[in-house]
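Asker: Can you look at this prediction? I've put the sequence above it.
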Amino acid sequence: MRIATWNVNSITARLPRLLAWLENSGTDVLCIQETKTTAEQFPSDQLRELGYESAVHATGRWNGVAIVSRVGLDDVVKGLEGDPGYEDVHEPRSVAATCGPVRVRSVYVPNGREVDHAHYAYKLRWFEALKDAVAADVASGTPFAVMGDYNVAPTDEDVWDITAFDGSTHVTEAERAALAALREAGLSDIVPRPLKYDHPFTYWDYRQLCFPKNRGMRIDLVYGNEAFGKAVSDSYVDREERKGKGASDHAPVVVDLDV
DNA sequence: ATGGCCTGATCTTCAGGA
């Protein structure tokens, strides 16, 4: 079974590449982030023609998450239980579903913007709520993973040059502590293989030729429970999908499971 | 190749992304 996570940076803009990738990559379950659509605008019909059901939690131009599956889609939970909200809005950043033998949660963690911004405090509270929300799934014997854009680089090695991130979000002690809390709660970081260069970056800024220069970050993560970790046979970043015209600024992270 | 981001909406300018 092949599952993956991909921040598509607008499913409308990415639709031709997304459909082609699903047809060619052998992916059974895909966790999607930044759909940037309403649920009504989500291309469920086109995906159904390829054999995929869709669970969508999306409200408009910002955020939006989904799970598409061709191996079943049950027990869908839209939204994050205990979501702290931002400026009194509960943004669509989490959706969970059971897809055949595996349960997954697609997450788009708040960016944080600046360390002294209210969005950063929201980000840390959001992580707290996530940890509580997934406790039961983590403890279950079912393979379970929280997959998505975490907007945190777990270590200094997960950015192209840590000195370029002095004072920035995504690399702070508090954000990394939030990841550590998830690991202590029973989730393991399933680190993918890079298909080129030394480190499995998953995001490269559109600007300043960051992708050709491999100035990337590893911020799209797969955190799996014990049963999930035992089932993993391979994992890699599909950097080919970051190339060329009409690419997202994130590449898919693919995980193969023996289930 | 000697470059210099992309998206959708408030739509020719902006916020947000990270």
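Answerer: Sure, I can see it.
Asker: Please make it C-alpha for all contacts and neighbour counts, starting now.
Answerer: Will do.
Asker: what residues does stretch A:231-246 touch?
Answerer: Residues from elsewhere that reach stretch A:231-246 (C-alpha atoms under 8 Å, 6 or more residues apart in numbering): A:13-14, A:17, A:143, A:190-195, A:200-202, A:211, A:247-259.
Asker: Swap in 6 Å and give it another go.
Answerer: A:P192, A:R193, A:P194, A:A251, A:P252, A:V253, A:V254, A:V255, A:D256, A:L257, A:D258 (C-alpha atoms under 6 Å, 6 or more residues apart in numbering).
Asker: and DNA strand B, which of those residues contact it?
Answerer: For DNA strand B, no contacts are drawn from those by C-alpha under 7 Å from any atom of the strand.
Asker: Pick the one among the residues you listed closest to DNA strand B.
Answerer: A:A251 (11.1 Å; C-alpha to the nearest atom of the strand).
Asker: could you list every residue that touches the closest one?
Answerer: So A:A251 contacts A:T202, A:D238, A:R239, A:E241, A:R242 (C-alpha under 6 Å, 6+ apart).
Asker: With distance to DNA strand B, secondary structure and pLDDT added, can I get these in CSV?
Answerer: Listed next are these as CSV, based on distance: C-alpha to the nearest atom of the strand, whole Å; DSSP: H, G, I helix; E, B strand; the rest coil; pLDDT from 0 to 100:
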residue, distance to DNA strand B, secondary structure, pLDDT
A:T202, 10, coil, 97
A:D238, 17, coil, 97
A:R239, 16, helix, 96
A:E241, 13, helix, 96
A:R242, 11, helix, 96
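Asker: neighbour-wise, which of those leads?
Answerer: A:T202 (28 neighbours; other C-alpha atoms under 10 Å).
Asker: Could you double-check that that one sits in contact with A:R218?
Answerer: Yes. If you go by C-alpha atoms under 6 Å, A:T202 and A:R218 touch, sitting 4.9 Å apart.
Asker: average pLDDT for stretch A:20-37?
Answerer: Average pLDDT, stretch A:20-37: 96.
Asker: buried stuff in that stretch?
Answerer: A:L22, A:T27, A:D28, A:V29, A:L30, A:C31, A:I32, A:Q33, A:E34, A:T35, A:K36, A:T37 (16 or more other C-alpha atoms under 10 Å).
Asker: Also near DNA strand B: which of those, exactly?
Answerer: A:K36, A:T37.
Asker: For burial, what's the neighbour tally of the residue of chain A found nearest DNA strand B?
Answerer: With C-alpha to the nearest atom of the strand as the measure, A:R207 is the residue of chain A nearest to DNA strand B, at 3.4 Å. Using other C-alpha under 10 Å, the number of residues around A:R207 comes to 8.
Asker: Give me the contacts around the host helix or strand of A:D132.
Answerer: Take DSSP states H and E as the rule and A:D132 turns out to sit in helix A:118-133. With contacts defined as C-alpha under 6 Å, 6+ apart, helix A:118-133 is touched by A:E81, A:G82, A:P110, A:G112, A:L182.
Asker: Kindly reformat these as a markdown table containing neighbour count.
Answerer: Shown next, in a markdown table, are the contacts of helix A:118-133 (neighbours: other C-alpha atoms under 10 Å):
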| residue | neighbour count |
| --- | --- |
| A:E81 | 14 |
| A:G82 | 14 |
| A:P110 | 23 |
| A:G112 | 21 |
| A:L182 | 24 |
